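# Need coordinates for the below:
(one chain, ligands or ions: 1)
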Amino acid sequence: MGSVCSSCRKTIVWAVTTKTGRAIPLDPTPGPEGNVTIVGRSPRDCPLVLVLSPEELALAREHGVPRLYVSHFATCPDAAKWRRKPPVRGVRSERSSA
Ligand SMILES: [Zn+2]
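Predicted coordinates for the structure are as follows:
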């Protein structure tokens, strides 16, 4: 799964969302700001993921879902080029992960 972002050249993992069947790039390591959870594997051997809505994310955190991945769309320094949304960098991670 050695993919790199065509924009910033960071390592990414392509995953497929169960909701829309779309391929999305993920950062390879989970992080406190993640909102993507891996639920299985697709026949093409990429992770099947569920992108959580804010409500689902709140629930997942309540239930201590262990690994939430971050969409590379959210972390790519060049994302502004491909998605016109200002980066929301809220400092509201209640738990500090080590
Ligand atoms: Zn990138």
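# separation between the residue sitting furthest away from the middle of the chain and the ion?
Going by C-alpha atoms, centre = their mean, the residue of the chain most distant from its centre is Pro43, 20.2 Å out. Pro43 sits 27 Å away from the ion, taking C-beta to the ion, to the nearest Å as the criterion. Heads up, the C-betas are built off the backbone N, CA and C, glycines and all.
# Same question for Pro66.
Pro66 is 25 Å from the ion, by C-beta to the ion.
# For the remainder of this discussion, apply numbering that starts at 24.
Yep, numbering from 24; the last one is Pro89 now.
# Please tell me how far that residue sits from Lys42.
21 Å (C-beta to C-beta, to the nearest Å).
# And for Pro70?
Distance from Pro70 to Lys42, by C-beta to C-beta: 14 Å.
# Comparing these two, which residue is more hemmed in?
Comparing Pro70 with Lys42 by other C-beta atoms under 10 Å, the one with more neighbours is Pro70, at 19 against 10.
# average pLDDT for the helix or strand hosting Leu82?
Assessed by DSSP states H and E, Leu82 sits inside helix 77-85. Mean pLDDT, helix 77-85: 90.
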